[in-house]
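Novice: model the structure of this input:
(chains A and B)
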Amino acid sequence: MARTIVITSGKGGVGKTTTSAAIAMGLARRGNRTAVIDFDVGLRNLDLVMGCERRVVYDFVNVITGEATLNQALIRDKRCDDLYVLPASQTRDKEALTQEGVGKVLDEMGKTFDYIVCDSPAGIEHGATMAMYFADDAIVVTNPEVSSVRDSDRMLGILASKSRRAENAEEPIREYLLLTRYLPERVERGEMLGVDDVQEILSLDLLGVIPESPDVLDASNKGEPIILNERSDAGQAYTDVISRYLGEDVPHRFLEAPKKGLFGRLFGG
Amino acid sequence: MGLLDLFRKNQKSSASVAKERLQILVAHERSARDNTPSYLPRLKEDLLKVIRRYVDIEPEQVQVTLDSDGNQEFLELNIALPDDH
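Specialist: Numbers count the residues shown, from 1 in each chain, chains lettered A, B, ... in the order given. All right, here's what the predicted structure looks like:
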C-alpha cells in the first residue's frame, strides 16, 4: 500500500511544485518507488520543474477517462529509476478530475508504488480538494508572510473536514508545516515572521525550513529538482526534510543569518 | 543589533505586528469553523429541495449561515429569488 502525500498551501506561488518535485525526487533517491502527480488541471507545470515536458504524451485525465493506461501516461525520470511523473491535463474542464476517477487511479498506483506525491493547485477549488481528498499525509507549504499563513490555516480546516479519512472517521491526515522562502536576516531584524511565530500560530509539526535561495530559480530554469543540487542550502534543507519525514531526527539548519564582522555589527540593521 | 537600531527601538517590529494580527484572525476563523454544526450543509440541501418545489433557483442563491452574538445564536437564511418567479 502506497502512502499518499498532498503538497498544499491555499496561496499560490509559495513553492508547492518546487516542493513536490524535491520531495518526490528525495523519496525516490532513497530507494522508494515514488510517483508525483500534477493536480493542476489546465495549468500543467510540474513537468517543466521535473524537466520532462517534452516527453508528455498522455496525462492524468486520459487515464481517468480510459484513453490511456496508467503505464502509458507515467513518465519515468531519467535521473532516478524509482521516480515517475503523471502530468496534469491541459483541458479547460476542471471537473475532469472526478472523485471516483482519481480514487481508481490512486488505487491502481497504490499496488506498485511506495509513495504518491500529489502536487495541489493553489486555491480551494475542485483540483485542490481532489488532491487532498485521498491523502494520508499533508505537507502545508507556507511562506513567513501574513496571507500565506492565513491561507494555510484555512487549508487545515479543509483537510480536517473534506478528506476521505475525515468522512470515514478514520485516523486523521498527518499534517506537517514546511516553511519556505525563509530569510533569517529579515527575521533577526524583526521584518519577517520567524519559524517559531508561524509554528505557534498554526500549531503544526515542523517538517523543515527552506531558506530563500537563488538556486531554486536556477533549478526550475534547468528542470532539475532543487534537491539534486547538493551544494545549495535550499537543496540540503530539502534533503533534511526527507530524513525527517522518514522518521530520522535531524536538527534544523539555515535558521540563522551568517555572522557579521565588527563593521557589520556596528552599523548593521 | 547595530547602533542605528537604538534610535528605532521604540517602534514595534512589523513581524510582531504580523504575529499579533494573525493570532487574532486565526483564533477567530478557527472558532467560526469549529462552531459550525455539521448538519449545516445537509440543512442547506434540504431547504434547497423544498424551495425548488416552488421556485427554480440555483444552489448559490440560498445562503445558510450561523452567527453568534454573546449568548444568542442566529441561523440566517438568505434566499435570492429570481426576478421572474
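
Novice: could you count how many residues lie near whatever residue of chain B ends up closest to chain A?
Specialist: When scored by C-beta to the nearest C-beta, chain B has residue B:13 as its residue closest to chain A, at 2.7 Å. Any C-beta I mention is one placed from the backbone N, CA and C, and that applies to glycine too. Neighbours of residue B:13 under the rule other C-beta atoms under 10 Å in any protein chain shown: 14.

Novice: got the contact list for the spatially closest residue to it that is not a sequence neighbour?
Specialist: Leaving aside its sequence neighbours, residue B:13 sits nearest to residue A:190 (C-beta to C-beta, 6 or more residues apart in numbering or on different chains; 2.7 Å). By C-beta atoms under 8 Å, 6 or more residues apart in numbering or on different chains, the contact set of residue A:190 is B:13, B:14, B:15, B:16.

Novice: returning to what we had before: and the residue of chain B closest to chain A, how far is that from residue A:166?
Specialist: To residue A:166, residue B:13 is 38 Å away according to C-beta to C-beta, to the nearest Å.

Novice: please apply the same query to residue A:15.
Specialist: According to C-beta to C-beta, residue A:15 stands 26 Å off from residue A:166.

Novice: which of these two has more neighbours?
Specialist: residue A:15 (23 against 15).

Novice: is it true that the more buried one touches residue A:182?
Specialist: No: Residue A:15 lies out of contact with residue A:182 (C-beta atoms under 8 Å); the separation is 10.6 Å.

Novice: hmm, the helix or strand bottoming out on mean pLDDT in chain B touching chain A?
Specialist: Every helix and strand of chain B was ranked by mean pLDDT, DSSP states H and E. The lowest is strand B:62-69, at a mean of 78. No: Strand B:62-69 does not reach chain A (C-beta under 8 Å from any C-beta of the partner chain); its nearest approach is 15.3 Å.

Novice: the helix or strand harbouring residue B:34: which residues count as buried?
Specialist: Using DSSP states H and E, residue B:34 sits within helix B:14-35. Of the residues in helix B:14-35, B:15, B:18, B:19, B:22, B:26 count as buried by neighbour count, 16 or more other C-beta atoms under 10 Å in any protein chain shown.

Novice: same question for stretch A:106-121.
Specialist: Using 16+ other C-beta under 10 Å as the test for burial, stretch A:106-121 gives A:106, A:109, A:110, A:113, A:114, A:115, A:116, A:117, A:118, A:119, A:120, A:121.

Novice: any idea of the pLDDT on the fifth one?
Specialist: Among the per-residue scores, residue A:114 shows a pLDDT of 98.

Novice: avg pLDDT for whichever strand or helix holds residue A:24?
Specialist: According to DSSP H and E, residue A:24 maps onto helix A:16-29. Average pLDDT, helix A:16-29: 98.

Novice: stretch B:46-58 too?
Specialist: 88.

Novice: who's in contact with residue B:62?
Specialist: B:44, B:47, B:48, B:51, B:77, B:78, B:79, B:80.

Novice: what about burial for those residues, which qualify?
Specialist: The neighbour count (16+ other C-beta under 10 Å) marks B:44, B:48, B:51 as buried among the contacts of residue B:62.

Novice: could you redo these as CSV and give each row distance to residue A:198?
Specialist: Formatted as CSV, the buried ones among the contacts of residue B:62 follow (distance: C-beta to C-beta, whole Å):
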residue, distance to residue A:198
B:44, 34
B:48, 39
B:51, 44
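
Novice: any chance of those residues in JSON lines, plus distance to chain A and secondary structure?
Specialist: JSON lines is the format used below for those (distance: C-beta to the nearest C-beta, whole Å; DSSP: H, G, I helix; E, B strand; the rest coil):
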{"residue": "B:44", "distance to chain A": "15", "secondary structure": "helix"}
{"residue": "B:48", "distance to chain A": "19", "secondary structure": "helix"}
{"residue": "B:51", "distance to chain A": "25", "secondary structure": "helix"}
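
Novice: which regions of chain A sit below the pLDDT cut-off?
Specialist: Across chain A, the ranges flagged by pLDDT under 70 are A:260, A:264-269.

Novice: list of residues touching stretch A:37-44?
Specialist: Applying C-beta under 8 Å, 6+ apart, the set of residues contacting stretch A:37-44 is A:17, A:45-47, A:56, A:59-61, A:85-94, A:96-97, A:116-121, A:127-128, A:130-131.

Novice: quick one: end-to-end distance for it.
Specialist: 10 Å (C-alpha to C-alpha, to the nearest Å).

Novice: any buried residues in it, and which?
Specialist: For stretch A:37-44, the neighbour count (16+ other C-beta under 10 Å) marks A:37, A:38, A:39, A:40, A:41, A:44 as buried.

Novice: distance of the third one relative to residue A:135?
Specialist: Residue A:39 sits 11 Å away from residue A:135, taking C-beta to C-beta as the criterion.

Novice: what is in contact with those two at once?
Specialist: Common neighbours of residue A:39 and residue A:135 (C-beta under 8 Å, 6+ apart) are residue A:118.

Novice: is residue A:21 in contact with residue A:229, as I believe?
Specialist: No: using C-beta under 8 Å, residue A:21 is not in contact with residue A:229, being 12.0 Å away.

Novice: mind listing which of the buried residues of stretch A:106-121 are in helices?
Specialist: Residues of the buried residues of stretch A:106-121 located in helices (DSSP state H): A:106, A:109, A:110.

Novice: so which of those comes closest to chain B?
Specialist: Of those, the one sitting nearest to chain B (C-beta to the nearest C-beta) turns out to be residue A:106, at 24.9 Å.
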